[in-house]
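Visitor: Provide a 3D model corresponding to the input given below.
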Amino acid sequence: MAGTDRGVPMDGLPPGPVVVLVEPQLGENIGMVARAMLNCGLTELRLVAPRDGWPNAKAVNPASGADVVLDRVRVFDRTADAIADLHRVHATSARPRGMIKDVTTARGAAVEMRRVIAGGGRCGILFGKEAKGLTNDDVVLADALLQVPLNPAFRSLNLAQAVLLVAYEWYQSGDETPGSELVTNTTRPADKRELGGLFDHLERELLDCGFLYPPEKAPTMVRNIRNLLQRARLTEQEVRTLRGVIACLRRPPAS
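Guide: Residues are numbered from 1 along each chain as shown. As a prediction, the model looks like this:
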């Protein structure tokens, strides 16, 4: 299958790190990795000595349409060859390796990789085979270990899960989606004039019907009602609806 051009973004996506699977065993797992990658905007996948060879038809269905990744896979005989054009490489590992080496979280690695890529460099992330992970000979080729903080009593991940965790942190480090937002569809948030009109309307009716009693407690009651409605984050349409409800309740019942 065709390889990628060095450092060229594909399909409108900004450049990202290369995912390198070292001696992956199952085509199905490669397909699921491709799916996880594309979810997070990564498209460049390299394989080192895949056990069942490449191309592998068993990767297609699990990829669930991530053809842009599968169609551009590059295959290498050695890990050193797969990372030869990269400037910074992280090796994923769930266990200590007895080496003096920087250890980063996926989140920390994402920040480092963005800095390198912004400066024109290329980055890669090494993932080992399903059964045993990376060998120390592979790890020594990397600049840093990448470890995801998980339950220390149980850190078992399948290959696609591991790729998704790391790729997600990469994607999030460049994403500006707000943590929370009010989706108003065709209306908009009510402005203070509209809210003020609702407050005045409601308070007149509450005063007329005797709800704001006794008089000495009325100011506190009014403040509580206004605070409740302020917290509701009403839209312009909702303000009009509430004023219609108030007006309807004021009318005498139909005979």
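Visitor: hey, C-alpha coordinates of stretch 90-109 in CSV?
Guide: As requested, the backbone C-alpha atoms of stretch 90-109 are provided in CSV (Å, rounded to 0.1, in the frame of the first residue of the first chain):
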residue,chain,number,x,y,z
HIS,A,90,7.9,8.2,22.9
ALA,A,91,7.8,4.5,23.8
THR,A,92,4.7,3.4,25.6
SER,A,93,5.1,1.1,28.5
ALA,A,94,3.1,0.0,31.6
ARG,A,95,6.1,-1.2,33.6
PRO,A,96,9.5,0.2,34.7
ARG,A,97,12.4,-0.6,32.4
GLY,A,98,15.4,0.0,34.7
MET,A,99,16.7,2.7,32.4
ILE,A,100,17.5,6.3,33.2
LYS,A,101,15.0,7.9,30.9
ASP,A,102,12.4,10.7,31.0
VAL,A,103,8.9,9.4,31.8
THR,A,104,5.9,11.4,30.6
THR,A,105,2.1,11.0,30.8
ALA,A,106,0.1,11.0,27.6
ARG,A,107,-0.9,14.5,28.4
GLY,A,108,2.6,15.7,29.0
ALA,A,109,3.8,13.9,25.8
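Visitor: which residues sit against that stretch?
Guide: With contacts defined as Cβ atoms under 8 Å, 6 or more residues apart in numbering, stretch 90-109 is touched by 112-113, 123-128, 133-134, 136, 138-150, 155, 157, 162, 165-166, 168-170, 172-173. Yep, even glycine has a C-beta here, placed from its N, CA and C like the rest.
Visitor: what's D77 in contact with, if anything?
Guide: Contacts here follow Cβ under 8 Å, 6+ apart; on that basis D77 touches 48-49.
Visitor: one more: L198?
Guide: Each residue near L198 by Cβ under 8 Å, 6+ apart is listed here: 190, 229, 234, 239, 242-243.
Visitor: quick check on these: which are buried?
Guide: For the contacts of L198, a neighbour count by 16 or more other Cβ atoms under 10 Å gives the buried set as 190, 229, 234, 239, 242.
Visitor: among these, which ones are in strands?
Guide: With DSSP state E as the criterion, strands contain none of the buried ones among the contacts of L198.
Visitor: just give me the neighbour total for Q25.
Guide: The burial count assigned to Q25 is 15, neighbours taken as other Cβ atoms under 10 Å.
Visitor: kindly report the same for G196.
Guide: If you count neighbours by other Cβ under 10 Å, G196 ends up with 12.
Visitor: span of stretch 154-162 from start to end?
Guide: Using Cα to Cα, to the nearest Å, the end-to-end distance of stretch 154-162 comes to 14 Å.
Visitor: any idea how far that stretch is from the chain center?
Guide: When C-alpha coordinates are averaged (Cα atoms, centre = their mean, to the nearest Å), stretch 154-162 and its chain have centres 18 Å apart.
Visitor: quick check: buried residues in that stretch?
Guide: By neighbour count with 16+ other Cβ under 10 Å, stretch 154-162 contains the buried residues 159-160, 162.
Visitor: ok, stretch 233-252 next?
Guide: Going by neighbour count (16+ other Cβ under 10 Å), the buried part of stretch 233-252 is 234-235, 238-240, 242.
Visitor: before we move on, what about stretch 141-158?
Guide: 142-148.
Visitor: cool, and stretch 119-131?
Guide: Neighbour counts over stretch 119-131 (16+ other Cβ under 10 Å) mark 122-130 as buried.
Visitor: send the alpha carbons of that stretch over as CSV?
Guide: Coordinates of each C-alpha in stretch 119-131 appear next as CSV, following Å, rounded to 0.1, in the frame of the first residue of the first chain:
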residue,chain,number,x,y,z
GLY,A,119,9.1,23.9,15.2
GLY,A,120,9.0,21.7,12.1
GLY,A,121,10.0,18.4,13.7
ARG,A,122,8.3,15.1,13.4
CYS,A,123,7.3,12.9,16.3
GLY,A,124,6.3,9.2,16.8
ILE,A,125,4.8,7.0,19.4
LEU,A,126,5.9,3.3,19.7
PHE,A,127,3.4,0.6,20.8
GLY,A,128,4.5,-3.0,21.3
LYS,A,129,3.0,-6.3,20.4
GLU,A,130,-0.2,-7.3,22.1
ALA,A,131,1.3,-10.1,24.2
